[in-house]
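Chemist: Fold the following for me, if possible:
(2 chains)
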Amino acid sequence: MNRGIFTVLENSKVADRTFRMELTGDVSEIKRPGQFVNIKIEGFFLRRPISVCDIRGNILTIIYKTVGSGTEKMSAMHGGEKLDVLCGLGNGYDTGRSGGNPVLIGGGVGVPPLLFLTKKLVSEGKKVRVLLGFNTATEVFLEKEFTDAGASAEVATADGSYGAKGFVTDIIGNEDYSYFYACGPEAMLRAVYFKTATDGQMSFERRMGCGFGACMGCTCRTVTGSKRICREGPVLEKGEIVWGD
Amino acid sequence: MGRLSVDLCGIEIDNPVIPASGTFGYGYEFSEYYDIRILGTFSFKGTTLEPRFGNETPRIAETPSGMLNSVGLQNPGVEKVISEELPKLEKCFDKPVMANVSGFSEEEYVRVCERLDVVEQIGWIEVNISCPNVHGGGMSFGTDPASASRITRAVRNATRKPVIVKLSPNVTDIVSIAKACESEGADGLSLINTLMGMRIDIRKKKPLLGNVTGGLSGPAVFPVALRMVYEVSKNVKIPVVGMGGVSSADDVIEMMMAGASAVEIGSANLVDPFACRDIITALPGALDRIGAKNIKDIIGGAL
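Modeler: Presented below is the predicted three-dimensional model:
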């Protein structure tokens, strides 16, 4: 983990309440897809944890949803403005266990880290199938980036306004896959957990204090004991997950 | 002895900046980010007799200039702290550390303190009678003079190490509690723990924290903390460790002018893991600007 001052290169809307920001700075501590950064926004006390969507050279791409006044303020930032960023947080996905043809399952704002993961898996010679779930057509983003990165991509929307109608778990189908990786809202992860036939890894979201393991704000139960989502997570193995009520 | 060194209950520390319990783990985690030997000491995560998972999440909520937490004393229990956590710390920090102790009964405080009494790494025992996030313990001991006296006396008899009692601000008269602890043999006092508060998620029409209420910390509470440190310092003779929203070298100086012999830093560590290092580095310049040679000389300067 390091702390750096990043410069915003670009910040634009890519879907309903969804923004894509490119920043430049020291990204050397970001080692794995599935890790996140923690961003200080002027006027707000706590940082905002946001997953890494992509890294190219020293350019960091994040895609975030405006969910409150902090991210609202972030969405109004322009090129040239500076942000204080903690980089390289969390464990990230382990691509070593993927097998030859993993399936990647993302929902809503959980989709972005799967792009970085896709690029890594494709570079390792794996055949990647990506399944993306959104509520409605105006919320769909990144589909083309996944196919450009060499994956096959299928989309489902809950209202059927784009792609298949239904949840992302409805389009897993019977096609064979070696392993799965998932990121999305907890209800989606739970559905993925029960629907998938193989082992896999899931990235969780929790309200965080620090984002680097100090405050114990984001602790969850696992079969091997307490884990901090920000530190031993956000990625957990399917086999260690304990679902709450 | 440098210009930043201070005495804390008979132990000289290199500087008065102490990372507060619950915001600095067991120290070794932060040694990945910087060499923590720059610190004089720090207070490690609140320790209970048995392991505790803590409260349900969400445990954190943002507030104007601060935050609420309702972690609820998550810790692995005193035996694991001694056998697993402290040995890891020993590899990156060789000065005495402050053990923060909490409990749900007088007996539990005593048993934890007796266990920690024989651990050489520990310099001070900070007795938390002020955690607002647990039920049937913690803060309930720190909100009236009689029970504060009882716990102080019991702990005082259970250890030879200096005992610093950590006080709650959620009381009508903090001075009466401070005096009660002093008269029962406390070697020092630390204050303030967090102020009880809450937030509501207006979309869900429900309290935001899993525990409903939590403890407020951060710059928002600094003036309240400063006022309490000032009032307590005026009325006791034992050293006071000031805390509550301290986030700069100037805040440290203000706390010390209000009577604090040392200062704990909490929430600032969570926003910036380098906060304590940077504040220590900034202190000499801050002293220069007010024309102070040694930091000791400013203690109680505004009383």
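Chemist: how about the residues of chain B near chain A?
Modeler: Taking Cβ under 8 Å from any Cβ of the partner chain as the contact definition, chain B meets chain A at B:22-25, B:29-30, B:32-33, B:45, B:53-54, B:57-67, B:69, B:71, B:74, B:218-219, B:267, B:269-274. (Glycine included, C-beta is placed from N, CA and C.)
Chemist: mind listing what A:Thr157 touches?
Modeler: A:133-137, A:139-140, A:163-165 (Cβ atoms under 8 Å, 6 or more residues apart in numbering or on different chains).
Chemist: Bridged to it, which residues?
Modeler: Bridge pairing for A:Thr157 (DSSP bridges) gives the partners A:Phe134, A:Lys165.
Chemist: hmm, back to that, show the buried residues in the residues of chain B next to chain A.
Modeler: If you count burial by 16 or more other Cβ atoms under 10 Å in any protein chain shown, the buried members of these come out as B:22-25, B:29-30, B:45, B:54, B:57-63, B:65-67, B:69, B:71, B:74, B:218-219, B:267, B:269-274.
Chemist: Of those residues, which belong to strands?
Modeler: By the criterion of DSSP state E, membership of those in strands covers B:45, B:60-63, B:66-67, B:69.
Chemist: which one of those residues is nearest chain A?
Modeler: B:Ile60 (3.9 Å; Cβ to the nearest Cβ).
Chemist: separation between the closest one and B:Leu216?
Modeler: Going from B:Ile60 to B:Leu216 by Cβ to Cβ, to the nearest Å gives 12 Å.
Chemist: mind putting the ones in strands among the buried ones among the residues of chain B next to chain A in JSON lines, pLDDT and distance to B:Val232 included?
Modeler: Converted to JSON lines, those look like this (pLDDT from 0 to 100; distance: Cβ to Cβ, whole Å):
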{"residue": "B:Lys45", "pLDDT": "96", "distance to B:Val232": "25"}
{"residue": "B:Ile60", "pLDDT": "97", "distance to B:Val232": "29"}
{"residue": "B:Ala61", "pLDDT": "97", "distance to B:Val232": "28"}
{"residue": "B:Glu62", "pLDDT": "97", "distance to B:Val232": "29"}
{"residue": "B:Thr63", "pLDDT": "97", "distance to B:Val232": "25"}
{"residue": "B:Gly66", "pLDDT": "98", "distance to B:Val232": "22"}
{"residue": "B:Met67", "pLDDT": "98", "distance to B:Val232": "24"}
{"residue": "B:Asn69", "pLDDT": "97", "distance to B:Val232": "24"}
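Chemist: the helices in chain A, which residues?
Modeler: A:69-75, A:113-123, A:143-148, A:186-195 (DSSP state H).
Chemist: Of those, flag the one that's most buried.
Modeler: Among these, helix A:113-123 has the highest mean neighbour count (mean count of other Cβ atoms under 10 Å in any protein chain shown), at a mean of 24.
Chemist: tell me the mean pLDDT for it?
Modeler: On average, the pLDDT along helix A:113-123 is 98.
Chemist: quick one: contacts of it?
Modeler: Contacts of helix A:113-123 from elsewhere in the structure, counted by Cβ under 8 Å, 6+ apart, are A:32-34, A:36, A:51-55, A:93, A:95, A:98, A:102, A:104, A:106, A:128, A:130, A:142, A:145-146, A:149-151, A:181, A:183, A:203.
Chemist: just to revisit the earlier point, columns distance to B:Thr152 on top of the ones in strands among the buried ones among the residues of chain B next to chain A, output as JSON lines?
Modeler: Below are these laid out as JSON lines (distance: Cβ to Cβ, whole Å):
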{"residue": "B:Lys45", "distance to B:Thr152": "22"}
{"residue": "B:Ile60", "distance to B:Thr152": "31"}
{"residue": "B:Ala61", "distance to B:Thr152": "32"}
{"residue": "B:Glu62", "distance to B:Thr152": "35"}
{"residue": "B:Thr63", "distance to B:Thr152": "31"}
{"residue": "B:Gly66", "distance to B:Thr152": "29"}
{"residue": "B:Met67", "distance to B:Thr152": "29"}
{"residue": "B:Asn69", "distance to B:Thr152": "25"}
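Chemist: Not counting its neighbours along the chain, what's nearest the spatially most central residue of chain A?
Modeler: The residue lying closest to the centre of chain A (Cα atoms, centre = their mean) is A:Pro113, at 3.3 Å. Nearest residue to A:Pro113, sequence neighbours excluded (Cβ to Cβ, 6 or more residues apart in numbering or on different chains): A:Ser51, at 4.1 Å.
Chemist: Check A:Thr224 too.
Modeler: Nearest residue to A:Thr224 in three dimensions, chain neighbours excluded: A:Glu240, at 5.7 Å (Cβ to Cβ, 6+ apart).
Chemist: separation between that neighbour and chain B?
Modeler: Applying Cβ to the nearest Cβ, to the nearest Å, the value for A:Glu240 to chain B is 16 Å.
Chemist: if I look at that residue, how far off is A:Thr222?
Modeler: In terms of Cβ to Cβ, A:Glu240 sits 4 Å off from A:Thr222.
Chemist: shared neighbours of those two, anything?
Modeler: By Cβ under 8 Å, 6+ apart, A:Glu240 and A:Thr222 have no common neighbours.
Chemist: My reading is that B:Ser176 lies in a strand. Confirm?
Modeler: No: counting by DSSP: H, G, I helix; E, B strand; the rest coil, B:Ser176 is not part of a strand but helix.
Chemist: Against chain A, how distant is it?
Modeler: Using Cβ to the nearest Cβ, B:Ser176 is found at 32 Å from chain A.
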